[in-house]
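K.L.:
need a structure here:
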Amino acid sequence: MFLLFMAVFSLDIFDEKLGFWGTILGLFMHNIPVIVLLVVLLIAWRHEIVGAAGFIFAGLLYIFWVITIRHIGWPMALEWSAEIAGPAFLTGILFLINWRRKKEIHPG
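P.N.:
Next up, the predicted model:
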């Protein structure tokens, strides 16, 4: 659901009136983070620690990116971080909990 939520943000490319190939390229460029996190998610179904590290890193990377944008104020930066990095952190933490519990049940 989080990845679908992120993909919805790419739909603003249709406002640009770029033509067919420009729109396809724009959709691809906007969805690179979604594609990367989808690959992380597919790997994480087998190896939960990859999901934990990948989603937590994605949340931290997004917060760093938001902080480096100079034209937005702190309230907007905090709101953006909560909307995107919050679910990424939650997903990563849930993968981490599952990984730890699996290690306790099946040591070795």
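
K.L.:
Every contact and neighbour count from this point should use C-alpha atoms.
P.N.:
Fine.

K.L.:
Which parts of the chain are helices?
P.N.:
All helices of the chain, identified by DSSP state H, fall at 2-8, 19-30, 32-44, 48-68, 74-105.

K.L.:
and the ones you listed, which is most packed in?
P.N.:
Counting by mean count of other CA atoms under 10 Å, helix 48-68 has the highest mean neighbour count of the helices of the chain, with a mean of 19.

K.L.:
just checking, what packs against that helix?
P.N.:
helix 32-44, helix 74-105 (3 or more CA pairs under 8 Å, 6 or more residues apart in numbering; DSSP states H and E).

K.L.:
need the helices of the chain in TSV with mean pLDDT, can you?
P.N.:
Formatted as TSV, those follow (pLDDT from 0 to 100):
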stretch	mean pLDDT
helix 2-8	91
helix 19-30	90
helix 32-44	95
helix 48-68	94
helix 74-105	90
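
K.L.:
So which of the helices and strands packed on helix 48-68 is nearest T68?
P.N.:
helix 74-105 (9.7 Å; CA to CA).

K.L.:
what's the angle from that closest one to helix 48-68?
P.N.:
Angle, helix 74-105 to helix 48-68, by axes from the mean of the first three to the mean of the last three CA atoms, to 10 degrees: 170 degrees.

K.L.:
Could you check how far helix 74-105 is from the centre of its chain?
P.N.:
10 Å (CA atoms, centre = their mean, to the nearest Å).

K.L.:
re earlier: could you redo the helices and strands packed on helix 48-68 as CSV and give each row distance to G51?
P.N.:
Formatted as CSV, the helices and strands packed on helix 48-68 follow (distance: least, CA to CA, whole Å):
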stretch, distance to G51
helix 32-44, 5
helix 74-105, 6
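
K.L.:
Relative to M1, which of these is closest?
P.N.:
helix 74-105 (9.8 Å).
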